[in-house]
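Visitor: turn this into a model:
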Amino acid sequence: MTLPQALEAIYAACASYPKPASLDDSYGSLDPTISDRILTTALRELAPDDASALFAVLIDDREAFAHFYPRLMEMAARPDAPFHYPDLAAVLEQARRLRILAAPEIVAATSRTLHALWDIVFTRPLDPETLDDIVLGSAWVWESLQSYLDAWAAVENLSAQANLGAYVLANLDSLRTRRRLRNDREWEDRSKVEIEVGDWIRSRALADRVCASARTTGEPLLVGACAGLRDLHTAPTFR
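Guide: Below you'll find the model as predicted:
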């Protein structure tokens, strides 16, 4: 399923949640002009800046969040777009906390969206921040990422391998000094999955795979990641 098809499935899964008659801004100030615009604008036309303001006041309103969830996901699940809050991880963290993902049809459509995003990881070059967002976002939905991590390491596509090198390089210093991923504060409630990802990066199997790909392709990101992983594995404090 393509990413647009998966996002359409989220719209369909959330269609029964009506637009709220008003927005509760007791958890944050919302300009009345923005509130009126949100409530009179078609869901699919909600502007990114209005979505940012809206997200801040949907802290405890499950029904309202479920209504806006498809559009929030549509804006967050854009790997080639410039960063805009809320990002994918923030939207999925809120969806999990409000138990939006407890609805089988919503979690199924969300999982399809994540599958489509991982397909992009495996086929197109992405920046490290986008890779962080997809990995962490996935952790808010799934209890383990091991199958995706293993698939990422095995993919022969050069873009996927370059993404792997970029993700390893982005996290090496943090793993070396703190044994945590670089965005560890965002993983506080998903520590088990963070450990899984960190152990995967630090594994001998991944180092061997990255170095083999570096020798075969000469891709600079893989060459750098290989050197960094070798340093990590030979450090006196490495366990």
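
Visitor: distance of Leu172 from Gln146?
Guide: As judged by C-beta to C-beta, to the nearest Å, Leu172 and Gln146 stand 20 Å apart. To be clear about C-beta, it is placed using only N, CA and C from the backbone, and glycine gets the same treatment.

Visitor: of the two, which one has the most company?
Guide: Leu172 (20 against 13; other C-beta atoms under 10 Å).

Visitor: what residue is smack in the middle of this structure?
Guide: Residue closest to the average C-alpha location in the chain (C-alpha atoms, centre = their mean): Ile134, at 2.5 Å.

Visitor: hang on, isn't that residue packed against Arg124?
Guide: No - using C-beta atoms under 8 Å, Ile134 makes no contact with Arg124, being 11.7 Å away.

Visitor: low pLDDT regions in the protein?
Guide: Scanning the chain for pLDDT under 70 picks out the ranges 25-28, 235-239.

Visitor: how far off centre is the longest helix along the chain?
Guide: For the chain, the longest helix by residue count, based on DSSP state H, is helix 158-178. Counting by C-alpha atoms, centre = their mean, to the nearest Å, helix 158-178 is centred 16 Å from the centre of its parent chain.

Visitor: from now on call the first residue 881
Guide: That works, and once the first residue is 881, the last one we named lands at helix 1038-1058.

Visitor: what residues of it count as buried?
Guide: Within helix 1038-1058, the residues that qualify as buried by neighbour count (16 or more other C-beta atoms under 10 Å) are 1039-1052, 1054-1055.

Visitor: with stretch 1096-1116 instead?
Guide: Of all the residues in stretch 1096-1116, those buried under the rule 16+ other C-beta under 10 Å are Thr1097, Glu1099, Leu1101, Leu1102, Val1103, Gly1104, Ala1105, Cys1106, Gly1108, Leu1109, Leu1112.

Visitor: list residues touching both of Ile1014 and Arg1004?
Guide: Residues touching both Ile1014 and Arg1004 by C-beta atoms under 8 Å, 6 or more residues apart in numbering: Pro959.

Visitor: domains in this protein, by residue range?
Guide: 881-993+1001-1006, 1023-1119 (automatic domain parsing).

Visitor: Arg942: neighbouring residues, count only.
Guide: Neighbours of Arg942 (other C-beta under 10 Å): 16.

Visitor: quick one, what contacts the closest residue in space to it that isn't next to it in sequence?
Guide: With C-beta to C-beta, 6 or more residues apart in numbering as the criterion, Arg942 has its nearest non-adjacent residue at 4.6 Å, and that residue is Leu978. By C-beta under 8 Å, 6+ apart, the contact set of Leu978 is Asp940, Arg942, Phe945, Ala946.

Visitor: how close does Glu1099 sit to Cys1106?
Guide: If you go by C-beta to C-beta, the gap between Glu1099 and Cys1106 works out to 10 Å.

Visitor: what about the residue nearest to the centre of the chain, distance to Asp930?
Guide: 24 Å.

Visitor: and Thr1114, by the same measure?
Guide: 51 Å.

Visitor: same check on Ala889?
Guide: 24 Å.

Visitor: gap between the two ends of stretch 1028-1046?
Guide: Across its full length, stretch 1028-1046 reaches 16 Å between end residues, using C-alpha to C-alpha, to the nearest Å.

Visitor: pretty sure Arg1062 contacts Ser1054?
Guide: Yes - if you go by C-beta under 8 Å, Arg1062 and Ser1054 touch, sitting 4.1 Å apart.

Visitor: for Glu1023, helix, strand, or coil?
Guide: coil (DSSP: H, G, I helix; E, B strand; the rest coil).

Visitor: in this structure it contacts Glu1076, no?
Guide: No - in this structure, Glu1023 is not within contact of Glu1076 by C-beta under 8 Å, at 9.5 Å.
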